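S.K.: Structure of the sequence below:
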Amino acid sequence: MLRRAGLGLLVGAILSAPTAASAGPALVFEPFNGTIFYAEDLDAPWFPASLTKMMTAYVTFQAIKKGEIKLDSDITCSKKAVSQAPTKLGLPVGGKISLETGLKVLIVKSANDVAMMIAEAVGGSEEAFIQRMNEAARKLGMTRTKFANPNGLPNEDQVTTARDLAKLARALIIEFPEYADIFALPNVKVGKKVMRTHNGLLISFPGADGMKTGFICDSGFNVVVSATRDGRKLVAVVLGEPSVAIRSDRAANLLENGFKRYFWKSLFGTTIDGMAIQTSMNEGPAHLRNDICGPGRAKKKKRKRTASGAAKAKAKPQLRNLNAAASAN
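M.R.: Numbering: from 1, shown residues only. Below is the predicted model:
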């Protein structure tokens with residue numbers, strides 16, 4: 001009996017092990033029953049960057065359901081919206097689009113000005129909308145999340161975890177399936193502008209069908225991505241990767257392994273709510289700016305060139321302040 005139990009634990013350990021080296025927090029789960037297939041640092045505090053816009057969309061969907069606003073309602077670009085850092089749609093003050101178009105641009109383009117337009121249209125003000133965001137987070141059990149703006153631009157008070165983002169993703173999938181197509185859009189057209197998704201997994205990973213990417217220098221490259229195969233759906237949360245390519249590779253690897261082990265993990269996995277808390281409440285979020293965008297990254301690149309025999313190549317410094325924006329790369 002003990003031998004059989006030991007074998008079961010060994011099998012469970014093998015099934016939960018990722019096949020690639022990992023960095024930041026990660027989580028793979030089945031959204032309808034909440035079963036976790038793999039988890040790493042799922043309670044580590046992290047800056048959500050543009051993953052914030054998932055909550056902006058969720059609160060907006062709630063407002064539509066309550067009849068407070070309609071998809072064909074106009075939303076207006078204010079001075080505050082214009083003042084938001086890129087990524088942006090770039091409307092002038094007074095410019096208008098429908099809420100439906102705004103939601104598509106919010107997810108596909110990850111436009112920070114449009115996030116502000118939606119917040120002001122739904123909440124009446126940014127402050128009132130942020131209050132709704134935090135109320136929704138509490139009701140969803142996102143106990144380690146706090147929102148301070150609707151778009152994910154850098155703010156020390158805006159913090160979440162992989163577990164909490166999983167709860168938000170579940171809520172979007174289960175409560176608002178009618179909006180699933182928005183998260184799967186490869187592009188959106190506004191006037192003559194055609195904006196393409198930054199979520200390359202929608203194109204490269206078989207079965208991928210949502211959801212959102214995010215980036216600021218302090219958070220690294222984040223993604224929440226869903227995929228469906230043979231009627232089975234999984235969602236991966238990956239935070240803190242050093243590049244778009246590595247972020248996509250890690251998420252794809254975790255999803256692929258999840259689908260391969262779907263049967264076993266469905267039997268033996270714990271749930272998002274059932275897994276014990278893994279980090280102290282007093283622990284602060286990681287700050288990756290130096291490694292992702294600063295001198296730390298430059299040093300790594302220099303070491304890499306030296307190791308590959310290219311040390312004599314002329315350095316071409318790139319002076320871009322990436323931390324000024326919440327890009328959706």
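S.K.: give me the number of residues near the residue nearest to G240 when sequence neighbours are not counted?
M.R.: Leaving aside its sequence neighbours, G240 sits nearest to G24 (CB to CB, 6 or more residues apart in numbering; 2.4 Å). Where you see a C-beta, it was placed from the backbone N, CA and C, and this is true even at glycine. By other CB atoms under 10 Å, 23 other residues sit near G24.
S.K.: Do I have it right that G24 meets P242?
M.R.: No: between G24 and P242 there is no contact under CB atoms under 8 Å: 9.3 Å.
S.K.: so what's in contact with those two at the same time?
M.R.: Jointly contacting G24 and P242 under the rule CB atoms under 8 Å, 6 or more residues apart in numbering are G220.
S.K.: Now do the contacts for the residue nearest to S78 when sequence neighbours are not counted.
M.R.: In space, and not counting its chain neighbours, S78 is closest to E120: 6.0 Å by CB to CB, 6+ apart. Contact analysis of E120 by CB under 8 Å, 6+ apart lists I75, T76, S78, K80, A81, E126, F129.
S.K.: What helix or strand is the fifth one located in?
M.R.: Following DSSP states H and E, one finds A81 within helix 79-82.
S.K.: Pull the distance from the helix or strand following that helix to the chain's centre.
M.R.: Sequence-wise, the next helix or strand downstream of helix 79-82 (DSSP H and E) is strand 96-98. Distance of strand 96-98 from its chain centroid, counting by CA atoms, centre = their mean, to the nearest Å, is 25 Å.
S.K.: Now strand 96-98: buried residues?
M.R.: Residues I97 are the ones in strand 96-98 that count as buried (16 or more other CB atoms under 10 Å).
S.K.: packing partners for it?
M.R.: Counting contacts by 3 or more CB pairs under 8 Å, 6 or more residues apart in numbering; DSSP states H and E, strand 96-98 is packed against strand 74-76.
S.K.: Within its sheet, name the partner strands of the strand it packs on and how each one runs.
M.R.: Here strand 74-76 is paired, per DSSP bridges, with strand 96-98 (antiparallel).
S.K.: Past the partner strand, which element shows up next along the chain?
M.R.: That would be, after strand 96-98 and using DSSP H and E, helix 99-108.
S.K.: Any buried residues in stretch 122-140, and which?
M.R.: V122, G123, E126, F129, I130, R132, M133, N134, A136, A137, L140.
S.K.: ok, of the residues you listed, which one's closest to N151?
M.R.: Using CB to CB, E126 comes nearest to N151 of these, at 9.7 Å.
S.K.: What about the residue nearest to that closest one when sequence neighbours are not counted, how many residues nearby?
M.R.: Closest residue to E126 in three dimensions, ignoring its sequence neighbours and counting by CB to CB, 6+ apart: A119, at 5.1 Å. By other CB under 10 Å, 27 other residues sit near A119.
S.K.: A119 looks like it's in a helix, true?
M.R.: Yes: under DSSP: H, G, I helix; E, B strand; the rest coil, A119 falls within a helix.
S.K.: got the contact list for it?
M.R.: A119 makes contact with T56, S125, E126, F129, I130, P150 under the criterion CB under 8 Å, 6+ apart.
S.K.: how about the strands in the stretch 1-150 of the chain?
M.R.: Taking DSSP state E, counting those that start in this stretch as the test, the strands found in the stretch 1-150 of the chain are 26-29, 36-40, 74-76, 96-98.
S.K.: try the stretch 151-300 of the chain
M.R.: Here the stretch 151-300 of the chain has its strands, by DSSP E, counting those that start in this stretch, at 187-190, 193-196, 208-216, 220-229, 232-241.
S.K.: can you redo those as TSV with mean neighbour count, mean pLDDT and distance to S110?
M.R.: Below are the strands of the stretch 151-300 of the chain laid out as TSV (neighbours: other CB atoms under 10 Å; pLDDT from 0 to 100; distance: least, CB to CB, whole Å):
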stretch	mean neighbour count	mean pLDDT	distance to S110
strand 187-190	16	96	11
strand 193-196	13	94	9
strand 208-216	27	98	7
strand 220-229	25	98	11
strand 232-241	26	97	16
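S.K.: Need the ones you listed in a markdown table (columns: distance to W264).
M.R.: Conversion of the strands of the stretch 151-300 of the chain to a markdown table gives the following (distance: least, CB to CB, whole Å):
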| stretch | distance to W264 |
| --- | --- |
| strand 187-190 | 38 |
| strand 193-196 | 37 |
| strand 208-216 | 23 |
| strand 220-229 | 16 |
| strand 232-241 | 13 |
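S.K.: For E283, which of these is the nearest?
M.R.: When the strands of the stretch 151-300 of the chain are compared by CB to CB, strand 232-241 sits nearest E283, at 14.3 Å.
S.K.: Using CSV, write down the CA coordinates of that closest one.
M.R.: Taking C-alpha atoms only, strand 232-241 is exported to CSV below (Å, rounded to 0.1, in the frame of the first residue of the first chain):
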residue,chain,number,x,y,z
ARG,A,232,-10.8,20.8,-23.4
LYS,A,233,-9.8,24.3,-22.4
LEU,A,234,-6.6,25.4,-20.5
VAL,A,235,-5.3,28.8,-19.4
ALA,A,236,-1.7,29.7,-18.8
VAL,A,237,-0.5,32.7,-16.8
VAL,A,238,3.2,33.6,-17.3
LEU,A,239,4.8,36.6,-15.7
GLY,A,240,8.2,38.3,-15.7
GLU,A,241,9.9,36.9,-18.8
